[in-house]
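**Student:** have a look; sequence and predicted model below, questions after that.
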Amino acid sequence: MATIIDGKALAKKLNQQTSKRVAQLQSQFGITPGLVVIIVGNDPASERYVRNKNRTAKRLGINSTVNQLPAETSEETLLQLIANYNADPAIHGILVQDPLPEQINEKNITRAILPEKDVDGFHPVNVGKLYLNDTTNYPVSCTPKGIMTMFSEYHISLKGKNAVMIGRSAIVGKPMAALMLNAGASVSILHRYTRDITEYTQNADIIVSATGHLHTLTKDAVKAGAVVIDVGQNINEAGHLVGDTDYDDLFEKVAYITPVPGGVGPMTIATLMQQSVDLAEWSIRSDK
């Protein structure tokens, strides 16, 4: 029977630590971490997610700003807004919410944010540092970083383990694979062109799934005692929010598993808050 990795409880613990760090920054340096989230258009899912981020940030003492722009906003206008925030010393983290309208090139926007204010960890400079296992301070994509915090909290070592990453997105799959590789795991990245994922998953000690497809990982596809991290968010036949994995069947076989909801999701936002404070702290050191 599996141990449930409780992302909701861990996110609460992480947020408490973040709140204390905010207070310390304010008392010692007179600095309040500043986070700005830019959203273009009126996508309902994005709006809900941004409201959640903003609410959490304010509760923790972070100076959070939401800048919502019309759907017809030009790329030039958005780039100028980012340039303004880049130049603002009170803003330590800049996040542009996906998706963006078709007239805006997402890669141009990602590159426009200063690497030291890239709270999402998507800038090519920060991605390069991650893949090089650089020892300096830099932000990392929040979902994978949150998963690494889960591993640490539950004393799950990756050193010498066989790890499988199902999914190769720039947001989760690739940075997660890099983090596990940096932690000493042997990592396989699976995707839609992988002929048979069970060739890899049946021998894996650690499996992270981020496909957005129901039943990606079944009981027969894993070995006993594996660790399963489910990043997926799907709606099942009964209309309930579930992950990529067959949770109930896997529960009796694996050693650790994350639920959906209540697993990786809360940790993503908590890590965003943590990283916002990281950027504020790092900015002080770079000023010296």
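**Tutor:** Thanks, I have the structure now. No experiment lies behind these values; they were computed from the predicted model shown.

**Student:** count of neighbours near L241?
**Tutor:** 12 (other C-beta atoms under 10 Å). The C-beta positions use only the backbone N, C-alpha and C, and glycine is treated the same way.

**Student:** any idea how far it is from N234?
**Tutor:** Distance of L241 to N234, given as C-beta to C-beta, to the nearest Å: 7 Å.

**Student:** what residues are up against the closest residue in space to G262 that isn't next to it in sequence?
**Tutor:** Excluding its sequence neighbours, the residue lying closest to G262 (C-beta to C-beta, 6 or more residues apart in numbering) is K8, at 4.6 Å. By C-beta atoms under 8 Å, 6 or more residues apart in numbering, the residues touching K8 are 262-263, 266.

**Student:** out of the residues you listed, who's nearest G212?
**Tutor:** Proximity of those to G212 (C-beta to C-beta) peaks at G263, which lies at 14.9 Å.

**Student:** so what's the closest residue to L214 other than its chain neighbours up against?
**Tutor:** Distance criterion C-beta to C-beta, 6+ apart; nearest residue to L214, sequence neighbours excluded, is N234 at 5.1 Å. Taking C-beta under 8 Å, 6+ apart, we find N234 in contact with 212-214, 241-244.

**Student:** determine which two of those are furthest apart.
**Tutor:** H213 and L241 (14.3 Å).

**Student:** residue ranges with poor pLDDT in the stretch 101-250 of the chain?
**Tutor:** Counting by pLDDT under 70, the stretch 101-250 of the chain contains no low-confidence range.

**Student:** so what does the residue nearest to L214 have for phi and psi?
**Tutor:** phi -140, psi 160 (degrees, to the nearest 10).

**Student:** now it: how far from S169?
**Tutor:** N234 is 15 Å from S169, where distance means C-beta to C-beta.

**Student:** any idea how this protein splits into domains?
**Tutor:** Here the domain parsing of the chain from automatic domain parsing is 30-114, 142-265.
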